[in-house]
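1. Return a 3D structure for these sequence lines:
(one chain, ligands or ions: 1)
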Amino acid sequence: MAKHKITLIPGDGIGPEVTDAAVTVLEATGVKFEWEKMDAGEAAIKQYGTPLPEMVLDSLRKNKVGLKGPVTTPIGSGFRSVNVAMRQTLDLYACVRPARSIAGVGTLYRDIDLVIVREATEGLYSGVEHWVDREHSAAETVNIITRKNSERIVRYAFEYARREGRKKITAVHKANIMKCTGSLFQDISREVAAEYPDIEFEERLVDNMCMQLVKKPNLYDVIVTTNLFGDIISDLTAGLSGGLGVAPGGNIGDEVALFEPVHGSAPKYAGQNKVNPVAEILSGEMLLRHIGEKRAADRVWKAVCAVIEEKKVLTYDLALAIDPTGKSVKISSLSEMAEEIAGKVENM
Ligand code: NAD
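-> Modelled structure (predicted):
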């Protein structure tokens, strides 16, 4: 069997621990991988003087597929987000974040099956911003929305829906207030939707969408939106379906695809073998589907669901969601949970 060559970026904080866990589970499927390990973020600054060395981008351009842990971004000052730079440089325009209920995860709803498709190269993440005066008493950010990038993200969402047998697309914007940027995204969504009569199409204003998702999440299927709205909505849907510990994601372009969890580097938990590895493992499941290893991906999903449902080997976040006192549930470590999942994958 040919090996899949994958760029592996462990990242910062809890990144190295959760990526190790994901590699253990992916290897348990029997699919053959060759991992090309690359440093980005704080680890790269120490060694190369930059958070995003060119060799990381070259490795992704060459291998076409990557698995990444979270990378720390300093707030306010310091270096620009490595994640935003990677998405823009490699044109990873579609940030795909599924939110699925897993039986046994303590959540308000049991039947969530949503996918957020977020435009990831422009909008309010364009990085075009400045102070208006020397006193820093006012600042401006430019919200860049283009026909080209809006059209390709909406088309991506419709093609994804067709491929995955999904029934409905909801386009989310704020066209009532953002008369140019919002209306452009709205108009293009309608134009593209007209080419896909087999898929139901509707629109929501972003504020209403958040309320609707909290009240009736199972009315929605695939949600397509601009960069910042997608970032916020996908954290909301992560919360609805079990929290950041179980929320995976993929950054997909026409050439390269990079899979990573929704969560960040949670520096306060770094090196404690404590956090939930499932979000990174399920990002690996998405990677398996992307490289055509569907059967292996199904085994990973089933193993994750089985371990969570059995409630015997759970990290603190899942255990405390079942019993906040921690008295009636055992709290396991990150590596114990990863090994339990890997063991199930091997025996499936
Ligand atoms: P965070 O997601 O790192 O952590 C917020 C909280 O969520 C944690 O304190 C913890 O309680 C919980 N959490 C996160 N991951 C978890 C897991 N796997 N298991 C259990 N609980 C988990 O968010 P933050 O504190 O806002 O950001 C920390 C750093 O991560 C920042 O520098 C931020 O810029 C960066 N970040 C990176 C990415 C990325 O690389 N894609 C994404 C988001 C944030």
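2. Please count neighbours and contacts with C-alpha atoms only from this point.
-> Will do.
3. what does this protein put close to the ligand?
-> Counting by C-alpha under 6 Å from any ligand atom, the chain comes close to the ligand at 70-74, 83, 244-245, 262-266, 275-277, 317.
4. What about residue 89, how many residues nearby?
-> 11 (other C-alpha atoms under 10 Å).
5. Ignore what I typed, I meant residue 272.
-> Residue 272 has 11 nearby residues by other C-alpha under 10 Å.
6. So it, which state does it fall into?
-> coil (DSSP: H, G, I helix; E, B strand; the rest coil).
7. same question, residue 325
-> Residue 325 ends up coil, using three-state DSSP.
8. Likewise for the one 4 residues further on?
-> Applying three-state DSSP to residue 329 yields a three-state assignment of coil.
9. Could you report the distance from it to residue 313?
-> Applying C-alpha to C-alpha, to the nearest Å, the value for residue 329 to residue 313 is 9 Å.
10. returning to that earlier point: give me the buried entries from the residues of the chain next to the ligand.
-> Neighbour-count burial (16 or more other C-alpha atoms under 10 Å) applied to those gives 70-73, 83, 244-245, 262-265, 275-277, 317.
11. what's the most distant pair in those?
-> 83 and 317 (25.2 Å; C-alpha to C-alpha).
12. just to revisit the earlier point, between residue 329 and residue 313, point out the one with more neighbours.
-> residue 313 (23 against 19).
13. Make sure the more buried one is actually in contact with residue 335.
-> No: using C-alpha atoms under 8 Å, residue 313 is not in contact with residue 335, being 10.2 Å away.
14. low pLDDT regions in the stretch 51-200 of the chain?
-> Within the stretch 51-200 of the chain, the segments meeting pLDDT under 70 span 75-79.
15. Show me where it has its strands.
-> For the stretch 51-200 of the chain, the strands defined by DSSP state E, counting those that start in this stretch cover 65-68, 94-100, 113-119, 129-131, 139-141, 168-173, 200-205.
16. Columns mean neighbour count on top of the ones you listed, output as a markdown table?
-> What follows is those, written out as a markdown table (neighbours: other C-alpha atoms under 10 Å):
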| stretch | mean neighbour count |
| --- | --- |
| strand 65-68 | 25 |
| strand 94-100 | 26 |
| strand 113-119 | 25 |
| strand 129-131 | 12 |
| strand 139-141 | 11 |
| strand 168-173 | 24 |
| strand 200-205 | 16 |
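17. Let me have those strands in a markdown table, adding distance to residue 234 as columns.
-> Shown next, in a markdown table, are the strands of the stretch 51-200 of the chain (distance: least, C-alpha to C-alpha, whole Å):
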| stretch | distance to residue 234 |
| --- | --- |
| strand 65-68 | 18 |
| strand 94-100 | 7 |
| strand 113-119 | 6 |
| strand 129-131 | 24 |
| strand 139-141 | 22 |
| strand 168-173 | 12 |
| strand 200-205 | 15 |
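18. What distance do you get for residue 309 to residue 109?
-> With C-alpha to C-alpha as the criterion, residue 309 and residue 109 are 15 Å apart.
19. neighbour-wise, which of those two wins?
-> Each of residue 309 and residue 109 has its neighbours counted (other C-alpha under 10 Å); residue 109 has more, 18 against 15.
20. Can you pull the domain assignment for the protein?
-> When the chain is parsed with automatic domain parsing, its domains come out as 1-107+242-348, 108-241.
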